[in-house]
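**Q** model the following, please.
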Amino acid sequence: MRRLLPGWVGLPRLDPVLLALILLVLSLGLFVVYSASGQDIGMVERQAVRIGIGLLAMLVLSQVPPHVLRAWTPWLYLLGLSLVAATWVFGVGRGAQRWLDFGIVRFQPSEIMKLAVPMMVAWYLHPRVLPPNSRNILMALLIMAAPAFLIARQPDLGTALLVAMSGGFTLFLAGLRWRVILGFAGAGVAAAPLLWMGMKEYQRNRVRTFLDPEADPLGQGWNIIQSKIAVGSGGVTGKGWLHGTQSRLEFIPERHTDFILAVLSEEFGFLGICVLLAVYLMLIARGLYVASLARDTYSRLLAGSLAMILFVYVTVNGGMVSGLLPVVGVPLPLISYGGTSAVTLLAGMGIMMSVYGHRKFIH
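**A** Residues are numbered from 1 along each chain as shown. Prediction:
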C-alpha cells in the first residue's frame, strides 16, 4: 500500500508549539460561542464539526512539501478565480452574492483567495531576483488586482481589500523598497476621493457611522455603540463567563460572529483580552519564526505572509469592535462562529507546518 502513495506521504510533521497555540484559541472560541449563542449547544456542535474539518485540512497540508504546493499553486489560483466569478451568476446571500450553495455545503469562494493570492505571488517571485524590480512588482499587483476586483463586484469591499493585502504582505516580505511603499501609500491617499465616489451608499454609510456613530444611535450607529458599551462594561476582570448582560439581553448584534470579541471582553474583561492578544502574538511570532527557517523563497514568503494575514484579521476585528475602524465584517480568527473562515485559517496553519516540517527537505 505504501508503494502506491507519493514518496512524501509519511508520519504527520507538526509544529508542536504552533499546534498547542491553535488548540488553545480554538478551545476558548467554543466556550465563547456557547455563551454568545445563548448557550445553544447545537451551534457549538456545528462549530466543532467545522473545526474538525479545518484540523483535518491542516493535517493534510502539513504533509504536503512546499515544492508540491508550489506546483499546485497556479491551479488553485485559477480555481479560486473561477469560483469567485461564478458568484456573479450563481451566488447567494443577503444583499451581496458572496456564497455558493451546493446543497450539502455552502461556502464563500473569496476565502480561498486569501490563501491563493499570497501563494500565487510567492510562486511568481520564487525564481526571480529579489528585491523585485518594477516589472515584477507590476505583475504581482495584477495577480492581486484580478481577484480583488471580482470580489469587490459582489460587492464585498472589505474582503477585497484583505485579499489584496494578503498579496501585498508577500510583496513586502520579498524586499519591497521603502520608497516604493511610500509611493504606493501616497497614491492610495490621492486615490481616496475616487474610491469614495466608487463606493456604494451602504459602504459610505459605514464610514460615516465610524466617524460619528451617535448621529444615528438607533440605526446605523447601534452596532458600534452597543459593542463599545460591552467592551467598557467588562472592566478589568469581566463579569464572568455566561454573565455578560449586553450579550445575554441581545443588545450586541452578530454577537457570535463579527462582534464576538465584545462578548469576550464583557465576560473576561481587560485581562482576558490581554491573554487572548498575547496568544495571538505568539501565533504570529511563531509563524514568522517558521518563515525564517524556510530554505527557499516560495516557502519563506508564503509562511511570512500567512502570519501577517492573521495579524491583520486580529487588528481589523479588534478595531471594528472597539470603534477604532469601520465595520467591515471581519471575523475574529479561530474564535468567531463560521465554517469557511475557520477552515481557511487552519489550512493556512497547515501550510506553515509544512514549511516547518520540511525545512530540511525543501527543494
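**Q** buried residues, stretch 163-178. List them.
**A** By 16 or more other CB atoms under 10 Å, the buried positions in stretch 163-178 come out as 163-174, 176. C-beta here means a position set from N, CA and C on the backbone, and glycine is covered the same way.
**Q** which other helices and strands contact the strand or helix carrying Y298?
**A** Using DSSP states H and E, Y298 sits in helix 297-321. Counting contacts by 3 or more CB pairs under 8 Å, 6 or more residues apart in numbering; DSSP states H and E, helix 297-321 packs against helix 66-90, helix 109-125, helix 157-173, helix 260-293, helix 340-357.
**Q** now do the same for A174: its pLDDT.
**A** With respect to pLDDT, A174 scores 93.
**Q** please read the previous query as pertaining to P253.
**A** 80.
**Q** look at it and tell me its secondary structure.
**A** Classification of P253 using DSSP: H, G, I helix; E, B strand; the rest coil returns coil.
**Q** am I right that L218 sits in a helix?
**A** No - under three-state DSSP, L218 sits outside any helix and is assigned coil.
**Q** next, count neighbours for it.
**A** Counted by other CB atoms under 10 Å, the residues lying close to L218 total 7.
**Q** returning to what we had before: can you list the helices and strands packed on helix 297-321 in JSON lines and add distance to V17?
**A** JSON lines is the format used below for the helices and strands packed on helix 297-321 (distance: least, CB to CB, whole Å):
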{"stretch": "helix 66-90", "distance to V17": "19"}
{"stretch": "helix 109-125", "distance to V17": "22"}
{"stretch": "helix 157-173", "distance to V17": "21"}
{"stretch": "helix 260-293", "distance to V17": "6"}
{"stretch": "helix 340-357", "distance to V17": "9"}
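**Q** identify, out of these, the most deeply packed stretch.
**A** Between the helices and strands packed on helix 297-321, helix 109-125 has the highest mean count of neighbours, a mean of 27, where neighbours are mean count of other CB atoms under 10 Å.
**Q** which neighbouring elements make contact with it?
**A** helix 66-90, helix 134-152, helix 157-173, helix 297-321, helix 340-357.
**Q** can you pull the contacts of the residue nearest to the spatial centre of the chain?
**A** Against the mean C-alpha coordinate of the chain, by CA atoms, centre = their mean, the closest residue is Y313 at 5.1 Å. Y313 makes contacts with L162, V330, P331, L332, P333, L345, as judged by CB atoms under 8 Å, 6 or more residues apart in numbering.
**Q** do the same with E250
**A** Here E250 is in contact with no residues (criterion: CB under 8 Å, 6+ apart).
**Q** surely it is in a helix?
**A** No - E250: not assigned to a helix; according to three-state DSSP it is coil.
**Q** show me the residues around the residue nearest to L261 when sequence neighbours are not counted that make contact.
**A** Nearest non-adjacent residue to L261, counting by CB to CB, 6 or more residues apart in numbering: V321, 4.5 Å away. V321 sits next to S227, V231, D258, F259, L261, A262, S265 when contact means CB under 8 Å, 6+ apart.
**Q** go again using 7 Å as the cut-off
**A** By CB atoms under 7 Å, 6 or more residues apart in numbering, the contact list for V321 reads S227, V231, F259, L261, A262.
**Q** low-confidence ranges in the chain?
**A** By pLDDT under 70, the low-scoring segments of the chain are 1-13, 93-96, 103, 360-363.
**Q** picking up where we left off before, in JSON lines: the contacts of V321, plus distance to G188.
**A** Listed next are the contacts of V321 as JSON lines, based on distance: CB to CB, whole Å:
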{"residue": "S227", "distance to G188": "27"}
{"residue": "V231", "distance to G188": "29"}
{"residue": "F259", "distance to G188": "28"}
{"residue": "L261", "distance to G188": "27"}
{"residue": "A262", "distance to G188": "30"}
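**Q** out of those residues, who's nearest R204?
**A** S227 (20.6 Å; CB to CB).
**Q** export the buried residues of stretch 163-178 as CSV, with columns for distance to G338.
**A** Shown next, in CSV, are those (distance: CB to CB, whole Å):
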residue, distance to G338
V163, 17
A164, 22
M165, 20
S166, 18
G167, 23
G168, 24
F169, 23
T170, 25
L171, 28
F172, 28
L173, 28
A174, 31
L176, 32
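**Q** relative to V279, how far out is I273?
**A** For I273, the distance to V279 equals 11 Å [CB to CB, to the nearest Å].
**Q** hang on, the earlier thing: and the helices and strands packed on helix 109-125: which comes nearest S35?
**A** Closest among the helices and strands packed on helix 109-125, once you apply CB to CB, is helix 297-321, at 15.7 Å.
**Q** can you give me the offset of that closest one from its chain's centre?
**A** 7 Å (CA atoms, centre = their mean, to the nearest Å).
**Q** which ones are touching the nearest residue to G91 once chain neighbours are set aside?
**A** Excluding the flanking residues, the one nearest G91 by CB to CB, 6+ apart is Q97, at 2.8 Å. Q97 sits next to T87, W88, G91, Q154 when contact means CB under 7 Å, 6+ apart.
**Q** pull the contacting residues for the first one.
**A** Translated: T87. Q97, R98, L100, P109, Q154.
**Q** take those residues and keep only those in strands.
**A** L100 (DSSP state E).
**Q** distance to G339 added to the contacts of T87, as CSV?
**A** Below are these laid out as CSV (distance: CB to CB, whole Å):
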residue, distance to G339
Q97, 18
R98, 14
L100, 13
P109, 13
Q154, 18
